[in-house]
Structures are given as structure tokens and as C-alpha cells.
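A.B. asks: Following is a predicted model, sequence given first.
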Amino acid sequence: MTVQTIETTPYADQKPGTSGLRKRVPVFSQPNYVENYLQAIFDSLDGFAGETLVIGGDGRFYNDVAIQKAIRIASANGFGRVLVGQGGLLSTPAASNLIRKYKAFGGLVLSASHNPGGPDGDFGIKYNIGNGGPAPEKITDAVFARSQVIESYKTIDSPDIDLGALGRQQVGEMMVEVIDPVADYAELMQALFDFDAIRALFASGFRMTFDAMHAITGPYAKVIIEGQLGASAGTVVNGVPSPTFNDGHPDPNLVYCKDMHDLLMTPEGPDFGAASDGDGDRNLIIGKNRFVTPSDSLALLAANAHLAPGYKSGIAGIARSMPTSAAADRVAEKLGIEMHETPTGWKFFGNLLDAGRVTICGEESAGTGSNHVREKDGLWAVLLWLNILAARRQGVDEIVRQHWATYGRNYYTRHDYEEVDAAIANALVDDLRGRLPTLPGQVLNGLEVAYADDFTYHDPVDGSTSAKQGIRIGFADGSRIVLRLSGTGTVGATLRLYLERYEAADGRHDLDTQLALEPLIGIAEQLAGVKARTGRIEPSVIT
Ligand code: G1P
Ligand code: ZN
């Protein structure tokens, strides 16, 4: 086995987005495409000689091919050890845990999250740093810059390693350890949650369904929920990871989990339903007759976290992404703890978590997590919910209603317009941005604009600034319109419109969400003209 230096030429499109480099499989399969990008990552890092690298992915099409390349390139670049999940599998939170637990230098997470997979589907590569979280912009910018001038990469002429066999294999000077992808993660969950109480809940007849969407969380959920917590066999559905996600779309929302939602709305259905996405970092929570929005779920988990052993001494603070509803802010206020509003993307929580300023974080896009890892964590959210249900012995609906009666309700929805012409989408956002200074003081549909800006984040830990993170238009009554362009779409542009209205603790909490937000939806169209300018009559997805 000899180390080789192979000449190459740059690809112009290797700019990592919100969650690493995400493209269609045919793009990744171009000659040297993966090699260039991995070499650009390693060229942008210092001090990893002899260190450990964690590698794993969500099992989607091309995962196995990319992993073999990554192992060779890691060896040729001087890593001392690679930890890789058996079958090349690791959920994103499990990868984060391994990096932290085994003090790895960093990790490669191979996934395109909730995007469809397959020969024409999406693939992705994300680099995580030693704290277990996504690389900060400083690094991703350096990787992109390097990818634009790359002239060669290093690899080694060694055979593929056997990803199916647990144990050690040698690749050049580097040791590869194929490990059980579930064991360390399950151990962490046991340390955080009251497994005895949850087992007792299931033993008392409580029934749940967990949809792994043919993606990564199947093996994790089977071991933990059916195995360790004693839920009946069949609780986990679609539990075998498939390279194409069985031709599905592994995004746990009300569109792709409609059947489960409908089942939970029937008297015969189970008490609790949950799902996770392609790489296991997102979650969907549905109680009997009650869908819990991710923004509400964040607030509820924060308010009840002390019921779980891992958080029994309370939480230090909460962080949410800017478009996420302000429901959690009310909890932080009541608990007298720090509350932070960050740009979209989990990487912005890393500094706050590392500094111990926040314990629980969340995004409206079905991501919730805590300081136990540095990624959002789908199963963690499900298990914390189960712990709360076991401790309170109340149903989800009752818990949600009591929460609103205490804190008030933030009616909230997100309207996505997908695959919009990028030029139209950019012009639309630019136009609105240009008009923002004229808005404060105007009264629209009876609501007075209190502020209008393009969100700029000042990181309180490292002092860095991130500008142009999304347009916010706030109203005097606490309502809010947010508009931003997605950073994860792979075709054209995706426009996301977020709408929120606050109803106080003694107000009406039983309105239909879309109806409750109708006036704001009207104002948003009046201001941004998404429908008029894109020619769409309705959003592609409403969540
Ligand atoms: C989306 C979500 C964002 C999440 C990201 C990665 O990004 O909105 O909250 O962090 O996926 O899962 P977007 O496409 O909006 O840039
Ligand atoms: Zn994901």
C-alpha cells in the first residue's frame, strides 16, 4: 500500500451550504469530485496527524462508495485512526457523540439529511469539528477557497475495507475500527433519561408508533424503544435503512407522515407517534389528537426537561433559530434563564453550548437537541417526550393545553415555495430588503409594523457577526413575518415564509392555525408578492 498524489482540477460548485456540501449523486460521482472536496477539507485543518476521524452516514445511495474514498484519503493524509459505523452507518447525532466520547479530531457525516436519496437523489458531505458539531463558517469558507485552487489530492492504493465486519483493519499506517453504530448512543440515552419510568409507561399499556422512514434511525429505535424500553414489537415501522429510503422522502413532516398523523387522530390509534429523518437529527411529535409544532415542542421540552435525570438540576438557557416561534422565549423568561436567537442552522448553537450558556436548542424545522451532543437529535427529542409523559402521566394534548394556559400560544406556520427560479427568488428578497426602512410605523391589515430588518447575529461567545440571515417584520402585537431563502435546497431556490401570532395565556387557543394566521399571510403577500412574482397559487409545503 503506497501513498499516491493524484493531480486534479477544481470544481467551481463546492461551496458548502447550511449543512455541508449537498448535491445530486450524479454531481458527486464526477471524477475526483469527492476526492477534491475531502482533500480541501483536510488542507484546511491543522494538527490531525495520528489523530482519530469518525466517519459514518445515513446509508443513502453512494454512502458506501464515498466512505471507501474517505478512508483512503484520511490514511494518505496522516490520520492515525478512523472509527466507522458498521455498514457505514451512523446517525448524525450518534456521529457527534462518537467524536466527543472518543476525543476524535473531527468527523465526516455523509448525508443529505431529509432529502430523497438514490442514483438521482441527493448526497452530502459535512465536516464536524472536535466538539462534535458542524464546522463553523471560518472553516467552511476556507474549505471552499481551497477547493477552488486544488491541484492534487492524496490517496492510497489499498483495497476496500470490509464495512460489515466489526473490529480492526489496517489501511496503510492508519487503523480502521468498524464499530456498532448504536451501542455508544444507546448508552448516552440511558444516562439522560429515566428508562425505568418509560418502561413502566409502556408496561401500563401506553402505545406508540415510531416511523424511521426507511432511514438511519430504524436500528437505533429498535434497540432502544423496542429492546431496552419494552415497547411492543412493531412499534418501530419502516425500520430497515434503504439506500433510496424505499423511494420515499425521509422528511418527518405532516406531508410525508400523513398516514401516521391520520392514525393518531383516531380513537383506535396509539397514544403517541414520532418520526425521524434521513440522518436521524430531526423529529416529528404527534400525540393523540394533537400535532405538536416543533416550536411548541422546544418550549415544552425546555419547560419540562427537569423531569429527566440528565436535566434534573435545571437548564442553563435556551437558544432558538431566528425563524422559530418565540414560544420558548416565554419559558426562558419564566425560568429566569438566558434566551438566544441565532441564525438558521445548528452550527450557530455550538459556541453557546460549549460555553455552557444554553442547555436546550431548537429550530422550527423539526430540530431539537441539547448539550449532550452538538447536533440536533431526533431520537433524543422522542425519548425526552416519553420521559415527560412517563413522569407526568398525562397525555400530550393535555400537556400542550396546560402549557398554553400558562404561557400563551404562539400560532405558527411555515410556507415553503420550492424549486422557484433562483433569479426571481433573489430579486424578490432584494426588493423587500430595499423597502424595509420604509415599513416601521405603517399599519397593514390593522397591524402596526414595529420593526423591519435583515437579521444580523452577533455571537456573544466569539464576537463574530453573521449578516443577512433573513428578513424579519415585527408587529406591535407580537406578530411576526420572516422571509428567507433556503441554504439547503439543491434545485433552483426555496423561499421560506414564516408566520407567527401570539395569543396570551387567557386568549383563544383552539383556532385553526392557518385561519388564525390569515391576516398575516395576506400582509406577507402584499409586501413580498411571493405568489404574484413566482406564479404559484399555493405553497409547495405548509408546516
Ligand atoms: C433547513 C432548515 C434549518 C436546518 C437545515 C438543516 O435549512 O430550515 O432549520 O438547520 O435545514 O437541517 P434551510 O433549507 O432553511 O436553509
Ligand atoms: Zn437531518
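C.D. replies: Good, I have the coordinates. Ligands and ions are numbered 1, 2, ... in the order given.

A.B. asks: Could you list the residues of the protein in contact with ligand 2?
C.D. replies: S113, D277, D279, D281, R282 (C-beta under 5 Å from the ion). From N, CA and C alone the C-beta is placed, and that goes for glycine too.

A.B. asks: Just put those residues in JSON lines and tack on secondary structure, distance to ligand 1 and neighbour count.
C.D. replies: As requested, these are exported to JSON lines (DSSP: H, G, I helix; E, B strand; the rest coil; distance: C-beta to the nearest ligand atom, whole Å; neighbours: other C-beta atoms under 10 Å):
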{"residue": "S113", "secondary structure": "coil", "distance to ligand 1": "5", "neighbour count": "27"}
{"residue": "D277", "secondary structure": "coil", "distance to ligand 1": "8", "neighbour count": "33"}
{"residue": "D279", "secondary structure": "coil", "distance to ligand 1": "9", "neighbour count": "33"}
{"residue": "D281", "secondary structure": "coil", "distance to ligand 1": "7", "neighbour count": "34"}
{"residue": "R282", "secondary structure": "strand", "distance to ligand 1": "7", "neighbour count": "28"}
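
A.B. asks: Could you dump these into JSON lines with pLDDT added?
C.D. replies: JSON lines is the format used below for the residues of the chain next to ligand 2 (pLDDT from 0 to 100):
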{"residue": "S113", "pLDDT": "92"}
{"residue": "D277", "pLDDT": "97"}
{"residue": "D279", "pLDDT": "97"}
{"residue": "D281", "pLDDT": "98"}
{"residue": "R282", "pLDDT": "97"}
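
A.B. asks: farthest pair in those residues?
C.D. replies: Pairwise distances across those peak at 8.4 Å for D279 and R282 (criterion: C-beta to C-beta).

A.B. asks: which residues do those two both contact?
C.D. replies: Listed as contacting both D279 and R282 by C-beta atoms under 8 Å, 6 or more residues apart in numbering are S113, H114.

A.B. asks: which stretches of the stretch 201-350 of the chain form strands?
C.D. replies: 208-211, 236-237, 272-276, 283-287, 290-292, 317-321, 338-342 (DSSP state E, counting those that start in this stretch).

A.B. asks: and the third one, how far out from the chain's middle?
C.D. replies: Mean C-alpha position of strand 272-276 versus that of the full chain (C-alpha atoms, centre = their mean, to the nearest Å) differs by 16 Å.

A.B. asks: Quick check: residues of the stretch 301-450 of the chain near ligand 1?
C.D. replies: Selection of the stretch 301-450 of the chain residues close to ligand 1 by C-beta under 6 Å from any ligand atom yields S321, T344, G345, W346, E363, S365, G367.

A.B. asks: Start and end of stretch 274-291, how far apart?
C.D. replies: Across stretch 274-291, the terminal residues are separated by 10 Å (C-alpha to C-alpha, to the nearest Å).

A.B. asks: Oh, that last question was meant for stretch 306-321, not what I typed.
C.D. replies: 22 Å.

A.B. asks: swap in stretch 171-188?
C.D. replies: Using C-alpha to C-alpha, the end-to-end distance of stretch 171-188 comes to 30 Å.

A.B. asks: pLDDT averaged over that stretch - what is it?
C.D. replies: For stretch 171-188, mean pLDDT rounds to 98.

A.B. asks: Buried residues, that stretch. List them.
C.D. replies: Under the neighbour-count criterion of 16 or more other C-beta atoms under 10 Å, stretch 171-188 has 171-172, 174-176, 178-179, 181-182, 184-186, 188 buried.

A.B. asks: Not counting its own residues, what contacts the helix or strand harbouring N36?
C.D. replies: Using DSSP states H and E, N36 sits within helix 33-43. The contact list for helix 33-43 (C-beta under 8 Å, 6+ apart) reads 6, 8, 10-11, 14, 21, 27-28, 48, 65-66, 69-70, 73-74, 77, 108, 125, 127, 143-144, 146-147, 150, 152-155.

A.B. asks: Cross-reference those residues with the strands and report the matches.
C.D. replies: Secondary structure defined by DSSP state E assigns I6, L21, L108, I125, Y127, S152, Y153, K154, T155 of those to strands.

A.B. asks: Drop anything exposed from the residues you listed.
C.D. replies: Buried by 16+ other C-beta under 10 Å: L21, L108, I125, Y127, Y153, K154, T155, out of those.

A.B. asks: now the helix holding N36, how far from the chain's geometric center?
C.D. replies: In terms of C-alpha atoms, centre = their mean, the centre of helix 33-43 is set 24 Å apart from its chain centre.

A.B. asks: So for it, mean pLDDT?
C.D. replies: Taken as a whole, helix 33-43 has a mean pLDDT of 98.

A.B. asks: which outside residues touch the very next helix or strand once past it?
C.D. replies: With elements assigned by DSSP H and E, the helix or strand that comes after helix 33-43 is strand 52-57. Applying C-beta under 8 Å, 6+ apart, the set of residues contacting strand 52-57 from outside is 63, 66-67, 70-71, 74, 79-85, 88-91, 94-95, 98-99, 102-111, 128, 181, 279.

A.B. asks: try it again with 6 Å
C.D. replies: Applying C-beta atoms under 6 Å, 6 or more residues apart in numbering, the contact partners of strand 52-57 are 63, 67, 70, 74, 79, 81-85, 88, 90, 95, 98-99, 102, 104, 107-108, 110-111.

A.B. asks: and it, C-alpha only, in PDB?
C.D. replies: In PDB, the C-alpha atoms belonging to strand 52-57 read as follows (Å, rounded to 0.1, in the frame of the first residue of the first chain):
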ATOM      1  CA  THR A  52      -8.900   9.900  15.100                       C
ATOM      2  CA  LEU A  53     -11.500  10.700  12.500                       C
ATOM      3  CA  VAL A  54     -15.100   9.500  12.800                       C
ATOM      4  CA  ILE A  55     -16.900   8.500   9.500                       C
ATOM      5  CA  GLY A  56     -20.400   7.500   9.000                       C
ATOM      6  CA  GLY A  57     -23.500   8.300   7.000                       C
END
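
A.B. asks: That strand pairs with which strands, parallel or anti?
C.D. replies: If you go by DSSP bridges, strand 52-57 pairs up with strand 81-89 (parallel), strand 106-110 (parallel).

A.B. asks: quick one, it and helix 33-43 angle?
C.D. replies: Using axes from the mean of the first three to the mean of the last three C-alpha atoms, to 10 degrees, the inter-axis angle of strand 52-57 relative to helix 33-43 is 150 degrees.

A.B. asks: Could I get the average pLDDT for strand 52-57?
C.D. replies: Per-residue scores along strand 52-57 average to 98.

A.B. asks: ok, now stretch 316-326?
C.D. replies: 98.

A.B. asks: buried ones in that stretch?
C.D. replies: By neighbour count on 16+ other C-beta under 10 Å, the buried set for stretch 316-326 is A316, G317, I318, A319, R320, S321, M322, P323, T324, S325, A326.

A.B. asks: tell me which residues form a beta bridge with the second one?
C.D. replies: To tie it back to what came earlier, the one meant is G317. Counting by DSSP bridges, the residues bridging with G317 are E338.

A.B. asks: ok, it touching G336?
C.D. replies: No: contact criterion C-beta atoms under 6 Å: G317 and G336 do not qualify, at 10.2 Å.

A.B. asks: still on that earlier bit, need the strands paired with strand 52-57 in CSV (columns: distance to L444 and mean pLDDT).
C.D. replies: Below are the strands paired with strand 52-57 laid out as CSV (distance: least, C-beta to C-beta, whole Å; pLDDT from 0 to 100):
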stretch, distance to L444, mean pLDDT
strand 81-89, 50, 98
strand 106-110, 43, 98
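
A.B. asks: Single out the most deeply packed of these.
C.D. replies: Per residue and on average, the most neighbours among the strands paired with strand 52-57 fall to strand 106-110, with a mean of 27 (mean count of other C-beta atoms under 10 Å).
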